[in-house]
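Undergrad: Predicted coordinates and the sequence they were generated for:
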Amino acid sequence: MTARLALMVAIASVAIPPPASAQAPIAVAERTVTQRDVATRVSLFSNGAVVVTVRRGEEPDFFRRITLPDDQYMIYLSIIQTNAEELEDEPISSRIDTEDSEVVLSLHVGPSAPRSFRFSPMSGVNLALSKIMGAMDDLQTQVFDTSPSAEALRAWVPHEGDLVELMTGQFATVVEIWDDGMIILRHESTSIRESVVPSVRDQVILRIVERAP
């Protein structure tokens, strides 16, 4: 079973309210891993947003934001909250000093929140902290694996006449929209028609160039 699948099926039994859209989002958990001059931060917010930033020295090198579906968000939130409640005062079982690498984990859920832990990536940690780290690893992987266009396309409501740029570099126009969400694209250069189901839009479309009036 993959780490992601294990996370998806390990739904905790605690009752946690859904994110409140009326309030400004707050960080539920944040982790920064520093390796030499590269710092990678992954943040899970109360509105379901996951943000990953990578800095090399003082220069930003990578930034990407995705929004989890509500059911996925609740699973990750449950895992983090449940294990935060089981964290001991000192969840680092064996500390190893490393000069050029460090992990800083901040939790804003669970007892005594906010709590912050600072340790080496080589240090041993207890099971509860290991599960939280696994959740953060999985969130980071999801962001890295997501197409840069996925977030914009997730909120896109197609209309006939919309012009899009494809992953191939070609351009196409939306000419049909089916009830099940499938769209029919007509390639500008060849007039070939291509059907695209909602689940693969971000694999076919790079960006929306122009929206129909």
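TA: Good, I have the coordinates. Numbering: from 1, shown residues only.
Undergrad: pLDDT averaged over the lengthiest helix in the chain, what's the number?
TA: Identified as the longest helix of the chain according to DSSP state H is helix 127-145. In this model, helix 127-145 has an average pLDDT of 94.
Undergrad: number of nearby residues for the nearest residue to Val175 once chain neighbours are set aside?
TA: Of all residues not flanking Val175 in the chain, Arg186 sits nearest, at 4.7 Å (CB to CB, 6 or more residues apart in numbering). (C-beta placed from N, C-alpha, C; glycine too.) Arg186 has 15 neighbours, counted by other CB atoms under 10 Å.
Undergrad: which SSE is Arg186 in?
TA: For Arg186, the element it lies in under DSSP states H and E is strand 183-187.
Undergrad: picking up where we left off before, list the buried ones in the longest helix of the chain?
TA: 128-129, 131-140, 142-143 (16 or more other CB atoms under 10 Å).
Undergrad: Hmm, Glu88 and Asn126 touching each other?
TA: Yes: look at Asn126 against Glu88 with CB atoms under 8 Å: they come within range, at 6.6 Å.
Undergrad: the more surrounded of those two?
TA: Asn126 (15 against 10).
Undergrad: Now the helix or strand where Ala172 lies: average pLDDT?
TA: Taking DSSP H and E as the criterion, Ala172 maps to strand 171-177. Taken as a whole, strand 171-177 has a mean pLDDT of 95.
Undergrad: So which elements touch it?
TA: With contacts taken as 3 or more CB pairs under 8 Å, 6 or more residues apart in numbering; DSSP states H and E, strand 171-177 sits against strand 163-166, strand 183-187.
Undergrad: Contacts for the first one next, please.
TA: Strand 163-166 is touched from outside by 171-174, 185, 187, 204-210, with contacts defined as CB atoms under 8 Å, 6 or more residues apart in numbering.
Undergrad: one more time with 7 Å
TA: Strand 163-166 is contacted from outside by Phe171, Ala172, Thr173, Val204, Ile205, Leu206, Arg207, Ile208, Val209, Glu210, using CB atoms under 7 Å, 6 or more residues apart in numbering.
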